[in-house]
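J.: build me a model:
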Amino acid sequence: MAGKNISKIRNIGIMAHIDAGKTTLTERILFYTGKNHKMGEVHDGAATMDWMIQEQERGITITAAATMCTWNDTTINIIDTPGHVDFTIEVERSLRVLDGAIGVFCAVGGVEPQSETVWAQADRYNVPRIAFVNKMDRIGANLNETVQEIREKLGKKAAAIHYPIGIESTFVGVVDLITMKAKVWPENDSNLGQVFNIEEIHPDMIDECLAAREELIEILADNDDEFADVYLSFDGKDSEDGKSGKSVAEEISAETLSKAIRKLTLKNEFVPVLCGSAFKNKCVQLVLDAVTDFLPSPDDRGKIIGHSVKDESKMVERKPTEDEPFSSLVFKITTDPFIDRISYLRLYSGKLKVGQTVFNPLKQKKERINKILLMHANKRKEVAETSAGDIVAISGLKFTTTGETLCAENSPVIYDLMNFPECVISVAIEPKTSPDEEKLKNALVDLSLEDPSFNYKQNDETGQLLINGMGELHLDIITDRLIREFNVGINVGSPQVSYRESVTAEAEAEYIFQKEIAGKMQFGSCKIKVIPGDGSLAVSFENLVSKKKLPNNFVEAIKKGIFDAVPAGVIAGYPIINMKVILLDAQFNEEESTELGYTIAGSMAFKDACKVGKVMLMEPVMATEIVTPSDFTGDVISDLNSRRGKIMDVCFKSNKEHVKSEVPLSEMFGYSTSLRSKTQGRATFTMSFKGYEFIPENLMRDVLIKKGILV
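T.: Below you'll find the predicted structure:
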């Protein structure tokens with residue numbers, strides 16, 4: 001892999017709402033590029049990228065799978081990401097290291113809720129995208145509506161570069177609006193879509209296609225001054241009668257148009273929209289052409305910015321070349337029964353060889369590279385070395401976890417860490433037998449390393465072991481893997497909500513700690529104020545005491561005491577959030593003041609202030625969208641109201657009602673079964689974490705009674 005032309009590499013992700021056809025598209029890509037010799041189907045449980053048994057059984061993608069293929073002499077590293085909101089961390093960490101992405105949309109459903117979520121994630125990492133409107137063969141397919149929704153809901157300048165030939169059952173191909181050629185797939189699909197015909201546009205379609213091309217040109221001209229000059233330069237004159245009779249849409253060449261599309265796509269200022277039907281083997285090759293033509297190489301993305309190890313405010317640059325010092329980011333970890341731990345990394349600069357020693361600047365640890373692997377879903381091929389721009393897997397890492405940087409020790413750099421979502425749901429589990437107890441501990445360590453959106457802890461009050469995740473499906477997959485993959489016998493309890501605590505009013509408290517411990521007098525004193533926050537999940541700290549009155553090390557001790565108390569809460573053992581803590585005053589005793597004394601004083605003053613400020617429980621609230629036939633809208637809304645839901649919007653689209661609401665998570669357990677029964681199985685819903693809100697007092701009392709805090 002070393003020595004490659006970096007401009008001939010594309011690192012892309014495929015992202016979408018669940019069931020838009022991401023994995024089907026990936027399977028076709030692997031077939032047409034020669035990576036696979038047959039097509040695997042999701043509904044048969046035979047898709048290459050859905051290799052986990054849980055994925056095959058459920059027909060959904062759960063974990064991001066990586067592969068590599070070649071098209072037009074270009075190496076394409078692909079990561080197929082999940083569409084279900086419970087596994088959004090897989091999309092987040094994949095987009096963190098990718099250069100481009102394909103957003104897949106259903107031609108019937110358009111821009112669906114999870115499409116908006118993954119699009120926002122791509123915006124966060126400034127990832128250029130192309131859009132593929134899939135399922136053009138389905139009843140109700142509408143390319144123009146989907147393009148309009150991309151503009152309105154996703155806030156993107158977008159235009160179609162394809163015009164469909166036929167629609168629904170008559171869909172046979174597209175007109176390429178760049179070259180103005182028709183690309184038609186034969187009705188007999190005996191060659192599995194590998195062969196298609198390039199034809200002249202049918203006379204009946206020319207006016208429509210020219211109008212679509214002109215719309216594309218105008219959007220590009222509005223956003224690129226250089227292309228606007230070209231657009232305005234065509235005045236339709238020729239040497240004979242002063243008029244050519246051609247419109248601007250006919251005058252501008254394919255090369256000029258393609259160059260403008262590429263330029264704006266690379267700047268993330270335009271989204272070219274393609275269309276087709278992956279399941280019916282139509283137009284997938286055109287998606288591959290667009291990937292190589294419009295999405296960036298590592299070279300196009302340019303230098304990578306990191307931080308100095310010694311000074312976080314100092315920026316460090318790395319160019320994506322083999323000549324630069326080695327640097328990379330570990331974005332995913334999996335466990336393997338044969339190699340133990342496999343770490344996926346993106347090389348940003350330099351080279352990496354088997355046997356090489358690299359440096360983790362965050363942990364200040366050296367790591368040795370045992371193997372370098374090219375991944376094809378769960379299959380792998382060993383290579384001796386790799387270089388800048390590549391995405392590979394390695395074995396041998398002992399200390400490095402997801403989101404951490406590996407680099408050359410003599411030229412260290414730290415790349416930005418990733419944002420991991422908040423866990424909102426938990427279940428209690430216990431081993432069935434004594435031998436299962438040790439296996440369970442080891443399995444939970446492995447799973448938490450693999451998945452940063454999953455964690456576990458022992459409840460000190462009840463002795464229960466709680467596993468925490470993003471949703472019911474997420475924890476269902478975790479427990480299933482514990483049983484089948486790790487061979488652990490476990491009993492699983494009912495899902496529980498992960499509440500939080502916060503104050504409802506400003507309050508002050510002072511605490512003086514003075515006690516002899518281990519033969520030495522320990523003294524600490526502080527006065528603090530707590531203020532309700534502005535909706536943040538964090539607790540912030542501000543110091544108003546001068547250095548003259550209290551040395552810095554004692555201020556830090558008070559801060560430590562406060563933040564040590566945050567995870568344990570005040571009334572029910574839930575972590576505290578959404579609060580500002582201000583250190584107002586402190587006393588200093590030169591003979592007896594100790595850091596331990598101020599740590600204890602800070603912790604106790606914080607708890608006392610919280611009690612005065614009236615601590616209340618906060619519950620996770622979920623943003624939900626239900627898509628239902630109009631006949632059942634009233635029942636759906638009535639049911640949501642009974643679950644303490646707030647109806648935010650109701651709109652009609654594609655012959656169905658879309659009901660948006662915000663509902664407490666505690667009211668949504670088992671909702672999928674309830675929704676099916678109320679709508680004869682014809683409605684679907686999506687749910688994502690919105691934030692925390694205070695729980696009503698009567699319900700808070702019920703929670704405290706269940707925990708044994710109140711009688």
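J.: residue contacts, the nearest residue to A228 once chain neighbours are set aside?
T.: Beyond its immediate neighbours in the sequence, the residue positioned closest to A228 (CB to CB, 6 or more residues apart in numbering) is A221, lying 4.3 Å away. (C-beta placed from N, C-alpha, C; glycine too.) By CB atoms under 8 Å, 6 or more residues apart in numbering, the contact list for A221 reads F227, A228, Y231, L232.
J.: show the backbone phi and psi for T81.
T.: In this entry, T81 is assigned phi and psi values of phi -100, psi 160 (degrees, to the nearest 10).
J.: ok, and the most crowded of the contacts of A221?
T.: The most crowded member of those, judged by other CB atoms under 10 Å, is F227 (21 neighbours).
J.: secondary structure element for that residue?
T.: For F227, the enclosing helix or strand under DSSP states H and E is helix 225-233.
J.: could you point out which element follows that helix?
T.: Trace forward from helix 225-233 with DSSP H and E and the next one is helix 248-251.
J.: buried sites along that next one?
T.: When neighbours are counted by 16 or more other CB atoms under 10 Å, the buried residues of helix 248-251 are found to be V248, A249, E251.
J.: what is it packed up against?
T.: Using 3 or more CB pairs under 8 Å, 6 or more residues apart in numbering; DSSP states H and E as the contact criterion, the neighbours of helix 248-251 among helices and strands are helix 206-223.
J.: next one, pLDDT for the residue nearest to A228 please.
T.: As summarised for this prediction, A221 has a pLDDT of 92.
J.: OK, contacts around Q356?
T.: Under the criterion of CB under 8 Å, 6+ apart, the contact list for Q356 reads F326, R368, I369.
J.: next, give phi and psi for it.
T.: On the backbone of Q356 - angles per degrees, to the nearest 10 - the values are phi -70, psi 150.
J.: I'd like the distance between it and E367.
T.: Taking CB to CB, to the nearest Å as the criterion, Q356 is separated from E367 by 9 Å.
J.: same question, V627
T.: Distance check for V627 against E367: by CB to CB, it reads 47 Å.
J.: now swap in L475 and tell me
T.: When CB to CB is the yardstick, L475 and E367 sit 32 Å from each other.
J.: mind listing the strands for the stretch 551-700 of the chain?
T.: Counting by DSSP state E, counting those that start in this stretch, the stretch 551-700 of the chain has strands at residues 579-586, 615-628, 646-653, 656-664, 684-694.
J.: now do the third one: which elements does it pack against?
T.: So that's strand 646-653. Under the contact definition 3+ CB pairs under 8 Å, 6+ apart, strand 646-653 sits against helix 633-642, strand 656-664.
J.: pick the most buried one from these.
T.: strand 656-664 (a mean of 20; mean count of other CB atoms under 10 Å).
J.: pull out the buried positions in the helix or strand harbouring A260.
T.: Assigning secondary structure by DSSP H and E places A260 in helix 254-266. For helix 254-266, the neighbour count (16+ other CB under 10 Å) marks T256, L257, S258, K259, A260, I261, R262, K263, L264, T265, L266 as buried.
J.: for E269, see how far away the closest residue to the fifth one other than its chain neighbours is.
T.: Nearest non-adjacent residue to A260, counting by CB to CB, 6+ apart: F227, 4.1 Å away. With distances taken as CB to CB, F227 is found 12 Å from E269.
J.: cool, and D299?
T.: To E269, D299 is 19 Å away according to CB to CB.
J.: looking at the two, which is more packed in?
T.: Higher neighbour count among D299 and E269: D299, with 17 against 14, using other CB under 10 Å.
J.: contacting residues for the more buried one?
T.: Contacts here follow CB under 8 Å, 6+ apart; on that basis D299 touches I6, S7, P320, G389.
J.: now it: how far from I558?
T.: For D299 relative to I558 (CB to CB), the value is 51 Å.
J.: repeat for L352
T.: From L352 across to I558, the span is 45 Å (CB to CB).
J.: which one of those two has more residues nearby?
T.: Each of L352 and I558 had its neighbours counted (other CB under 10 Å), and the higher figure belongs to I558 (30 against 24).
J.: who's in contact with that one?
T.: By CB under 8 Å, 6+ apart, the contact list for I558 reads G524, C526, I528, L583, A586, Y598, T599, A601, G602.
J.: what's the closest non-adjacent residue to it?
T.: Closest residue to I558 in three dimensions, ignoring its sequence neighbours and counting by CB to CB, 6+ apart: G602, at 3.6 Å.
J.: pLDDT score for that neighbour?
T.: What the model reports for G602 is a pLDDT of 96.
J.: show me what contacts it?
T.: With contacts defined as CB under 8 Å, 6+ apart, G602 is in contact with G524, C526, I528, A557, I558, K559, K560, G561, I562.
J.: show the buried residues in those.
T.: Applying 16+ other CB under 10 Å to the contacts of G602, the neighbour count classes G524, C526, I528, A557, I558, K559, G561, I562 as buried.
J.: distance check, the third one against V503.
T.: Taking CB to CB as the criterion, I528 is separated from V503 by 12 Å.
J.: residue ranges of the helices in the stretch 251-400 of the chain, please?
T.: If DSSP state H, counting those that start in this stretch is used as the criterion, the helices of the stretch 251-400 of the chain fall at 254-266, 284-294, 298-301.
J.: what's the longest one in contact with?
T.: Put plainly, it is helix 254-266. The list of residues contacting helix 254-266 from outside it, by CB under 8 Å, 6+ apart, reads 128-130, 157, 161, 178-180, 216-217, 220, 223-224, 226-227, 230, 270-272, 293-296, 300.
J.: apply 7 Å and report the result again.
T.: Contacts with helix 254-266, where a contact means CB atoms under 7 Å, 6 or more residues apart in numbering, come from 128, 130, 161, 178-179, 217, 220, 223-224, 227, 230, 270, 272, 293-294, 296, 300.
J.: residues near T479, how many?
T.: Using other CB under 10 Å, the number of residues around T479 comes to 17.
J.: my guess is it meets G489, correct?
T.: No: counting by CB atoms under 7 Å, T479 stays clear of G489, with 11.5 Å between them.
J.: wait, F196 touches K181, no?
T.: No: with contact defined as CB under 7 Å, F196 and K181 do not form a contacting pair (11.0 Å).
J.: and L537, how many neighbours?
T.: Taking other CB under 10 Å as the neighbour definition, L537 ends up with a count of 13.
J.: next, work out how far apart it and Q496 are.
T.: Noted for L537: a distance of 19 Å to Q496, by CB to CB.
J.: just how off-centre is the helix holding F227 within its chain?
T.: Relative to the chain's own centre, helix 225-233 is displaced by 38 Å; criterion: CA atoms, centre = their mean, to the nearest Å.
J.: again, but for stretch 93-101
T.: Stretch 93-101 has its average C-alpha position 9 Å from the chain's average C-alpha position, going by CA atoms, centre = their mean.
J.: pull the CA atoms of that stretch into PDB?
T.: What follows is stretch 93-101 as a C-alpha-only set of coordinates in PDB (Å, rounded to 0.1, in the frame of the first residue of the first chain):
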ATOM      1  CA  ARG A  93     -16.600   7.800  14.800                       C
ATOM      2  CA  SER A  94     -16.600   6.800  11.200                       C
ATOM      3  CA  LEU A  95     -17.300  10.300   9.900                       C
ATOM      4  CA  ARG A  96     -14.500  11.600  12.200                       C
ATOM      5  CA  VAL A  97     -11.900   9.900   9.900                       C
ATOM      6  CA  LEU A  98     -13.500   9.900   6.500                       C
ATOM      7  CA  ASP A  99     -12.900  12.400   3.700                       C
ATOM      8  CA  GLY A 100     -16.300  12.100   2.000                       C
ATOM      9  CA  ALA A 101     -19.700  10.400   2.200                       C
END
